[in-house]
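# missing the sequence, but the structure's below:
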RNA sequence: GGGGGAGUGUCCCGAGUGGCAAAGGGGGCGGAUUGUAAAUCCGCUGGCUUACGCCUUCGUAGGUUCGAGUCCUACCUCCCCCA
């Protein structure tokens, strides 16, 4: 990878985002010469975005920091098709209402990471349903479809892999790349957008758009992809205590979000600091070089910075403090997740099994029983050995009972 | 339209002579060890139950049988070959 002249590409590469570029020198020259609008598309398949999407958002953020103009394309239209890239099975089709609801929630998230407005480097957000919904089949086939050969489409990884693995690919999904290609060309016409970024799995779709625009508008557009971010142990990143690592506080609390970053593997700390925070590279290099237990300090910085970007500095500090009290103070933090129960139940004595299940720590009484057998449950930090234990008022500490599953999952039971 | 094959524990893959709560993986969770890390080792991984035990599960619906994941019939879905 040669040195870049443009600040954006330099930073982009230095932070580990660079995978492939359709015309590296051409793009670098263009970025150095004029302000470039670049986009990334996001489909609205889930009610929140997760950290997989965050890697993309951070790339747009870098684009903005580099003095260029980011465009967020929300896939109100393409979500109706479903991207087959990298998947073995079709995603279940969402209703228009679900897509719309998801879209509104996503837009709120983009605003936290990017500055929107009318200024030259302010981000803008557009919905590809604006043009895709209006397309008419026959005119579209004649104008756009004639630029695509089945031969090439079938050779695309997104299609080829599905066929090779003998998994069905519907005609609907087969069309996805055409729509994404059309998006790029349309964004060029509407906003002069010259650049599309995306994960490495988007290469084929991006190149299709570049080809299309060259044929229809005789212009060179650019594609820039990033490596798929995995954990050092090879897993696709993004699993937290409660499933995916969501960016919406109502789907994953700032505390759990903070904990996710606090718990990344040692080997990932430097890489993640570069991708998911704005810290200067020399500072990251210093943190990354920490040895042994000191690595925990680097992880705290990662957690603080990443959480502050997503949920605000105040929430990050709160999560850090809750974590400090819980893990380092050995004490009780009132900020842990709390489940309320009727006061009577404590007065009468509440069975431990039910209590853990109510708190959401175990999935059933049987599960709770098994966890007790395995030594995994604690009440007020003391291991539960008797599954018939009744929780009564004398277990209250500062008005709550602390239930724990393993070392990391804690819930406060609060009588009301 | 004709012929052949397949759907198994609600995370996934996958074995399964009529006696099966159903082999084995992966993943996940817990324990030990650690640094809230990795690696390693151990345990758990359908529901209810103090317990004997009871209930629910193998694409769907029926049937044969003391007894069905396993045999029969119909239907659904998917894959392959022929037209």
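Now that the structure is in, tell me what you want to look at. What you see is a predicted model, and the numbers here were worked out from it, not measured in a lab.

# how about the strands of the stretch 201-350 of chain A, start to end?
For the stretch 201-350 of chain A, applying DSSP state E, counting those that start in this stretch gives strands covering A:222-226, A:239-240, A:243-244, A:338-341, A:350-351.

# any idea which of those strands is most buried?
strand A:222-226 (a mean of 23; mean count of other C-beta atoms under 10 Å). (Glycine included, C-beta is placed from N, CA and C.)

# now that one: how far from the chain's centre is it?
Mean-position distance between strand A:222-226 and its chain equals 19 Å (C-alpha atoms, centre = their mean, to the nearest Å).

# please tell me how far residue A:160 sits from RNA strand B.
Residue A:160 is 14 Å from RNA strand B, where distance means C-beta to the nearest atom of the strand, to the nearest Å.

# ok, which stretches of the stretch 301-416 of chain A are helices?
With DSSP state H, counting those that start in this stretch, the ranges of helices along the stretch 301-416 of chain A come out as A:313-323, A:343-348, A:352-358, A:365-373.

# where among those helices is the average confidence lowest?
For the helices of the stretch 301-416 of chain A, mean pLDDT drops lowest on helix A:343-348, to a mean of 86.

# now do that one: everything it contacts.
Residues from elsewhere that reach helix A:343-348, judged by C-beta atoms under 8 Å, 6 or more residues apart in numbering: A:391, A:392, A:393, A:396, A:401, A:415, A:416.

# return the subset of those residues lying in strands.
A:391, A:401, A:415 (DSSP state E).

# quick check, nearest of the residues you listed to residue A:301?
Nearest to residue A:301 among the ones in strands among the contacts of helix A:343-348, counting by C-beta to C-beta, is residue A:401 at 33.3 Å.

# what residues does the closest residue to that closest one other than its chain neighbours make contact with?
Closest residue to residue A:401 apart from its sequence neighbours, by C-beta to C-beta, 6 or more residues apart in numbering: residue A:413 at 4.3 Å. The contact partners of residue A:413, by C-beta under 8 Å, 6+ apart, come to A:338, A:339, A:341, A:355, A:358, A:359, A:391, A:400, A:401, A:402, A:403.

# ok, now residue A:27?
Residue A:27 neighbours (C-beta under 8 Å, 6+ apart): A:9, A:21, A:195, A:222, A:224.

# how near is it to RNA strand B?
Note on residue A:27: its distance to RNA strand B, by C-beta to the nearest atom of the strand, is 36 Å.

# check that residue and give its pLDDT.
96.

# quick one on the thing from earlier: pipe the helices of the stretch 301-416 of chain A into JSON lines and attach mean neighbour count per row.
Shown next, in JSON lines, are the helices of the stretch 301-416 of chain A (neighbours: other C-beta atoms under 10 Å):
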{"stretch": "helix A:313-323", "mean neighbour count": "18"}
{"stretch": "helix A:343-348", "mean neighbour count": "14"}
{"stretch": "helix A:352-358", "mean neighbour count": "22"}
{"stretch": "helix A:365-373", "mean neighbour count": "16"}
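
# nearest to residue A:40, of those?
Among the helices of the stretch 301-416 of chain A, helix A:313-323 comes nearest to residue A:40, with 25.2 Å by C-beta to C-beta.

# do that closest one and RNA strand B meet?
Yes. Shown here: helix A:313-323 in contact with RNA strand B (C-beta under 7 Å from any atom of the strand) through residue A:323.

# what helices and strands are in contact with that helix?
When contacts are defined as 3 or more C-beta pairs under 8 Å, 6 or more residues apart in numbering; DSSP states H and E, helix A:313-323 sits against helix A:254-262, helix A:295-311.

# now do that helix against helix A:254-262, angle only.
Using axes from the mean of the first three to the mean of the last three C-alpha atoms, to 10 degrees, the inter-axis angle of helix A:313-323 relative to helix A:254-262 is 80 degrees.
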